[in-house]
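>>> 3D, please:
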Amino acid sequence: MRPRRAAAVALRHFYLLRGSVARFLPLFAWVAIDMVLWGFMSRYLNSVATPGLDFVHTLLGAVLLWDFFTRVMQGVTMVFFEDVWSRNFLNVFATPLSISEYVGGLVLSTIATSAVGLLVMWVLATAVFGLSFAAYGAMFIPFLAVLFLFGVAIGIFGCALVLRLGPASEWFVWPIPALISPFAGVFYPLSTLPGWMQAVSWLLPPSYVFEGMRTLVAGGSFSGTSLLWGGGLAVVQVLLASAFFSRVHRHAVRTGLIARYSAESVS
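Purely as a prediction, here's the structure:
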């Protein structure tokens, strides 16, 4: 893989963002609204709850981490969708650009866009609502790393899904975070879930992050081995998603679907 080619994919997306307020504003607008909404809700719950419970660090912290994952996933898919919507998709893959370079460009783009969203959330959560990341200690960075890897994996999988089923299937991609969140235990311990849901939860890297976050806020000790397991799962899922994207691309090229890519579907 040539890094300069991957950087070119990211640079193209940067030019699109720079030239359009409609593309740039969503990078931080929705996460800012989430921080304000859940921040005031956390304050209210703190005012009526039993003393000692801290909803700012449990609830608002969970929203921040989950929004970060969502931004990462959407950062990957949006770069891909820009090529689909502009009908530039066939042109991109007619170049010498390899699949690994293209996927690398998607990841580079989401690093920049998710960093913007994270910065906005961090400023609002700390300056307005008093969220202190010291409550999570040194584990906060690994938490972000695991969620980033999982967001990349889901984003690449979503791109492959749309490549295989056609542009109209993008509506299968947007609800993915909402479908995953009940299993990830974003707002509640996994012990509250039925057994079959817990079995699914332990296959999802975010579940290790949010269980660890709640344990640390409650003053308990969190096993680094558990988080390493979650990180290992995330790495494996990134590799599997990349292999799936590559396989779908080969199928589209071999069968000629890539040349018939339309605004509706391919079959």
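>>> so what secondary structure elements neighbour the helix or strand encompassing Phe150?
Assigned by DSSP states H and E, Phe150 falls within helix 140-165. Packing partners of helix 140-165 (3 or more CB pairs under 8 Å, 6 or more residues apart in numbering; DSSP states H and E): helix 61-85, helix 99-127, helix 176-184, helix 205-217, helix 224-255. For the C-beta atoms, the positions are set from N, CA and C on the backbone; glycine is no exception.
>>> Check the burial of the residue nearest to Gly117 when sequence neighbours are not counted by counting its neighbours.
Leaving aside its sequence neighbours, Gly117 sits nearest to Arg71 (CB to CB, 6 or more residues apart in numbering; 4.2 Å). Neighbour count for Arg71, taken as other CB atoms under 10 Å: 29.
>>> from what I can see Arg71 touches Leu118, true?
Yes - shown here, Arg71 and Leu118 form a contact pair, counting by CB atoms under 8 Å, at 7.3 Å.
>>> So which bits of the helix-or-strand element of the chain with minimal mean pLDDT are buried?
The helix or strand of the chain with the lowest confidence, counting by mean pLDDT, DSSP states H and E, is helix 89-93 at a mean of 74. Neighbour-count burial for helix 89-93, counted by 16 or more other CB atoms under 10 Å, picks out Phe89, Phe93.
>>> Could you do stretch 199-218 as well?
Under the neighbour-count criterion of 16+ other CB under 10 Å, stretch 199-218 has 201, 204-217 buried.
>>> thinking again about what came up before, now the residue nearest to Gly117: how far from Ala49?
Computed as CB to CB, to the nearest Å, the Arg71 to Ala49 distance reads 29 Å.
>>> can you check His249 too?
As for His249, its distance to Ala49 is 51 Å (criterion: CB to CB).
>>> Could you do Thr225 as well?
Per CB to CB, Thr225 is found 32 Å from Ala49.
>>> ok, those two, which is more surrounded?
The residue with more neighbours, out of Thr225 and Ala49, is Ala49; 11 against 8, by other CB under 10 Å.
>>> right, and the more buried one touches Leu59 too?
No - assessed by CB under 8 Å, Ala49 is found out of contact with Leu59, at 10.6 Å.
>>> which ones are touching the closest residue to Ser169 other than its chain neighbours?
Residue nearest to Ser169 in three dimensions, not counting chain neighbours: Val162, with 5.3 Å by CB to CB, 6+ apart. By CB atoms under 8 Å, 6 or more residues apart in numbering, Val162 lies in contact with Thr77, Phe80, Phe81, Val84, Ser169, Glu170, Phe172, Val173.
>>> any chance of those in TSV, with pLDDT too?
Listed next are those as TSV, based on pLDDT from 0 to 100:
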residue	pLDDT
Thr77	90
Phe80	86
Phe81	85
Val84	80
Ser169	82
Glu170	83
Phe172	88
Val173	90
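>>> Which one of those residues sits in the busiest neighbourhood?
Compared across these, Phe80 has the highest neighbour count, 28 neighbours, by other CB under 10 Å.
>>> for Phe40, what are its contacts?
Phe40 is in contact with Phe129, counting by CB under 8 Å, 6+ apart.
>>> repeat that for 10 Å
Leu60, Val128, Phe129 (CB atoms under 10 Å, 6 or more residues apart in numbering).
>>> Fine by me, thanks again.
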